[in-house]
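Visitor: Need a 3D model of the following:
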Amino acid sequence: MVSMSNTQNSVTGLKAFLAEAVTPFHAVKAIQHRLDAAGFTVLDTDTVPEVGGRYYRIANGSSIVALRVGPNDVASAGIALAGAHTDSPTLMVKPKPEKTRQGYAQLGVEVYGGVLLNPWFDRDLSLAGRVSYRADGVVKSTLVNFEQPVAIIPSLAIHLDREVNQKRSINP
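Guide: Reported below is the predicted structural model:
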């Protein structure tokens, strides 16, 4: 039987994680912090996992794999494997995004993944993700999360699109 306090703790923990994990990059960082706190260590390419060891490995800052080596011989005991992935259909900011049209500042974006486009219209949007930059001749990256709205994708006024309720096709 699951107690109400365990359920509440799970819900609270999930809400905290979702608040942190606003992009795949942020999700990996949040998971990394949780794994570090649970005693996991980074698995380097030249590290041989030890019995009882807890390890993780990050690829591209957007993927993370964690493993625990059990006490029994893998050849005889087998392995237990679980997996998950972040699926973040989104609008990605283009490398040179700044545009101005008829006095309005615009941000060039491109569709990533199987995104549903209609829900993006007429809502406050923010920016979050990984920003790469050059400092002292070295390419570096940092995570950003503006949190506050900085943009909106307005839909066309109804009197300019009389067929909006019959068919709505969007050119990404």
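
Visitor: Residue 21 against residue 34, yeah?
Guide: No - using Cβ atoms under 8 Å, residue 21 makes no contact with residue 34, being 10.8 Å away. Every residue, glycine included, has its C-beta placed from N, CA and C.

Visitor: So which helix or strand of this protein has the lowest pLDDT on average?
Guide: helix 74-77 (a mean of 77; mean pLDDT, DSSP states H and E).

Visitor: which secondary structure elements does that helix contact?
Guide: On a contact count with 3 or more Cβ pairs under 8 Å, 6 or more residues apart in numbering; DSSP states H and E, helix 74-77 meets no helix or strand.

Visitor: Can you tell me what sits against that helix?
Guide: Contact with helix 74-77 is made by residue 70, as judged by Cβ atoms under 8 Å, 6 or more residues apart in numbering.

Visitor: and what of stretch 108-116?
Guide: 87-94, 96-99, 117, 172.

Visitor: Now the least confident helix or strand of the chain: buried residues?
Guide: Residues of helix 74-77 include none that count as buried (16 or more other Cβ atoms under 10 Å).

Visitor: how far is it from where the chain is centred?
Guide: 35 Å (Cα atoms, centre = their mean, to the nearest Å).

Visitor: Quick check: what element follows that helix along the chain?
Guide: Later in the chain than helix 74-77, the nearest helix or strand by DSSP states H and E is strand 90-101.

Visitor: Following the chain past that following strand, name the next helix or strand.
Guide: strand 104-112.

Visitor: what's the average pLDDT for that following strand?
Guide: Strand 104-112 shows a mean pLDDT of 89.

Visitor: Same question for the lengthiest helix in the chain: list its buried residues.
Guide: Ranked by residue count and defined by DSSP state H, the top helix of the chain is helix 4-20. When burial is assessed from 16+ other Cβ under 10 Å, helix 4-20 yields no buried residues.

Visitor: can you check stretch 18-32 too?
Guide: 21, 22, 23, 24, 25, 26, 27, 28, 29, 30, 31, 32.

Visitor: Just the terminal-to-terminal distance for it.
Guide: By Cα to Cα, to the nearest Å, the extent of stretch 18-32 from end to end equals 14 Å.

Visitor: And it, how far out from the chain middle?
Guide: Centre to centre, stretch against its chain (Cα atoms, centre = their mean), the figure for stretch 18-32 is 6 Å.
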